[in-house]
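**Q** return a 3D structure for these sequence lines:
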Amino acid sequence: MSAVQVAVVIGRFQPFHLGHLALVREALARAPRVVVVLGSAHQARSPRHPFSAAERAEMLRLALPEAERARVDVLPLRDLYDETRWVQAVRDGVQWLTGTDEALLVGHFKDATSDYLRRFAPWQLLSLPRQHRVDATDLRAALFDSEPEALDAVLASWVDQVPPSTRDFVRAWAHLPYLAALRREWAMLKSYRQAWAAAPYAPVFVTVDVVVQCAGHVLLIQRGRDPGQGLWALPGGFVEPRDTLYQSAVRELEEETGLRLLPDTLQRALRGVATFDHPDRSQRGRTISHTHHFDLGERELPEVRGQDDAAAARWVPIAELAAMEAQCFDDHFHMLDRFLGLVAPG
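**A** Have a look, this model is predicted:
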């Protein structure tokens, strides 16, 4: 393997554990400069994404001695739910930080979710065996399954799985106003999955979501229950057994926002339908959304109100959406981006 000036490590680091640290240290041993790509940046907090990009960057920083910190750059990167675009975004980000398009990618093939490591040719790839018997999913489960008074016991069980600095960080983080809501949502999702555990095969859920734009605004609802209670989302829901996709989209729109328009008005306003089917787009399980895009044109904003599963409904200026990314449910910001072009290419 030829000498390189830049090594790259990619991960979500939720939380940062000893396996992650081993990859970063191997990268530091191979190159004078290391870029750590923080995946799933800008996601709303959830049991899958409890720690913000800034918090994960701090966990990484605290785990390294000062001399090594100076050699590490952190690149937060949003999920794009499109592997080709995402790989190019990683490459572009590394080149922007380092000035070179050559790098050594250091990683571990954990399971099928690690196949993206093969997509970075002509970068060199250093595939390492598993460094520690630790999994971030299990660490999060231990944290969310425990009672508040058991926090010290949970962190003690992490002693051979995470750096001491990560335990200290999570101990302090647990006193911020996030953990109780995450535990509640975790319990809901766990119950949801258990309800389907007896199915003869893994369920695949079919849903609809609706993008309605009007006079420079888009219609959003604020979710009234878990998962994602309090987050902003598109109106939508599950397809009923006797509905077509279009019928389900119109029904969910009316049920959650009270928006009622003449059938011909909606039909003329339909601009397209896109399918969102990334395997990891929903914490509830494999969920495929058929998202309908309506443009009502330049007219007075119709009256709406939150009802059914929606705590609120409002017309949001499209110009304000980019600042709301971390407040959006699941991949709904990326649905909006698909139709409205919110994120500049590259």
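**Q** tally of neighbours for residue 34?
**A** 27 (other C-beta atoms under 10 Å). C-beta: built from backbone N, CA, C; applies to glycine.
**Q** now do residue 300
**A** With other C-beta under 10 Å as criterion, residue 300 counts 8.
**Q** repeat for residue 289
**A** Neighbours around residue 289, by other C-beta under 10 Å: 25.
**Q** from residue 331, how far off is it?
**A** Residue 289 is 8 Å from residue 331, where distance means C-beta to C-beta, to the nearest Å.
**Q** shared neighbours, the two?
**A** 276, 281 (C-beta atoms under 8 Å, 6 or more residues apart in numbering).
**Q** low-confidence regions, the protein specifically.
**A** 1-2, 345-346 (pLDDT under 70).
**Q** what about the helices in it?
**A** 18-30, 53-63, 66-69, 83-98, 136-145, 151-157, 164-173, 179-195, 245-257, 263-269, 332-340 (DSSP state H).
**Q** and those helices: which comes nearest residue 307?
**A** helix 245-257 (6.4 Å; C-beta to C-beta).
**Q** and for that closest one, what's in contact with it?
**A** Contacts for helix 245-257 (C-beta under 8 Å, 6+ apart): 208-210, 212, 219, 221, 235-240, 243, 259-260, 266, 273, 290, 292, 304-310, 313.
**Q** hmm, back to that, out of the helices of the chain, flag the one nearest residue 127.
**A** Among the helices of the chain, helix 18-30 sits nearest to residue 127 (C-beta to C-beta), with 10.7 Å.
**Q** between the closest one and helix 53-63, how many degrees?
**A** Following axes from the mean of the first three to the mean of the last three C-alpha atoms, to 10 degrees, one obtains 70 degrees for the angle between helix 18-30 and helix 53-63.
**Q** can I get the helices of the chain in a markdown table with mean neighbour count and distance to residue 202?
**A** Output for the helices of the chain, formatted as a markdown table (neighbours: other C-beta atoms under 10 Å; distance: least, C-beta to C-beta, whole Å):
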| stretch | mean neighbour count | distance to residue 202 |
| --- | --- | --- |
| helix 18-30 | 20 | 27 |
| helix 53-63 | 20 | 30 |
| helix 66-69 | 10 | 42 |
| helix 83-98 | 16 | 22 |
| helix 136-145 | 17 | 17 |
| helix 151-157 | 14 | 29 |
| helix 164-173 | 17 | 31 |
| helix 179-195 | 15 | 10 |
| helix 245-257 | 21 | 22 |
| helix 263-269 | 13 | 34 |
| helix 332-340 | 22 | 23 |
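**Q** which of those sits closest to residue 46?
**A** Using C-beta to C-beta, the nearest of the helices of the chain to residue 46 is helix 179-195, at 6.6 Å.
**Q** helices or strands next to that closest one in the packing?
**A** Using 3 or more C-beta pairs under 8 Å, 6 or more residues apart in numbering; DSSP states H and E as the contact test, the elements touching helix 179-195 are helix 136-145.
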